[in-house]
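S.K.: Just to be clear, the model below is a prediction. Sequence and coordinates:
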Amino acid sequence: MATEDLMAVMEIERLCYAHPWTAGIMRDCMRVGYSCWVYEREAVIQAYAILSVAAGEAHLLNLCVRPEARGQGVGRRLLQHVIVSAARLGADTLFLEVRPSNASALALYEKLDFSEVGLRKAYYPGHKGREDAIVMARPLN
């Protein structure tokens, strides 16, 4: 991900989330050195991912696929890239949070060997209050 990708990334973010990250948050992720990627097909950004790695642990902060690109393996390929990259960056475990209502993401994570390790109560903002987050982890070695 580069600064010039930000407009397309923010378009996807706004299409997919009722409470999207801001462009400032995205810029800060790049500025502090998080690993930030985009997935392009035919010169159009289809998805993006943001990863933080510290003290032997990796945390997938955001992974989002353009709605019309879902179901085509884009998210799986990008997540596989994140997994390999996290291991190369020295992490031994990759963590993430996911909404219990996001059945397609949960299915993808389970297919790629993530397991539920916890629950964060009232983690995500929602239309009708807050929603919990399932914490998932995957060993990388």
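M.R.: Looks like it arrived, so ask away.

S.K.: What residues of the helix ranked longest in the chain count as buried?
M.R.: Looking across the chain with DSSP state H, the single longest helix is helix 74-88. By 16 or more other C-beta atoms under 10 Å, the buried positions in helix 74-88 come out as 74, 75, 78, 79, 82, 83, 85, 86, 87. For every residue, glycine as well, the C-beta is placed using N, CA and C.

S.K.: Convert the lowest-mean-pLDDT helix or strand in the chain to PDB, retaining C-alpha atoms only.
M.R.: The least trusted helix or strand in the chain, going by mean pLDDT, DSSP states H and E, turns out to be strand 115-126, with a mean of 93. Taking Å, rounded to 0.1, in the frame of the first residue of the first chain, the C-alpha atoms of strand 115-126 are listed here in PDB:
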ATOM      1  CA  SER A 115      -8.700 -21.100  16.300                       C
ATOM      2  CA  GLU A 116     -10.900 -19.100  18.700                       C
ATOM      3  CA  VAL A 117      -8.800 -18.100  21.700                       C
ATOM      4  CA  GLY A 118     -11.000 -15.400  23.400                       C
ATOM      5  CA  LEU A 119     -13.800 -12.900  23.200                       C
ATOM      6  CA  ARG A 120     -13.700  -9.100  23.500                       C
ATOM      7  CA  LYS A 121     -17.000  -7.900  24.800                       C
ATOM      8  CA  ALA A 122     -18.600  -4.900  23.100                       C
ATOM      9  CA  TYR A 123     -15.500  -4.400  20.900                       C
ATOM     10  CA  TYR A 124     -17.100  -3.200  17.600                       C
ATOM     11  CA  PRO A 125     -19.400  -0.300  17.200                       C
ATOM     12  CA  GLY A 126     -22.700  -1.200  15.600                       C
END
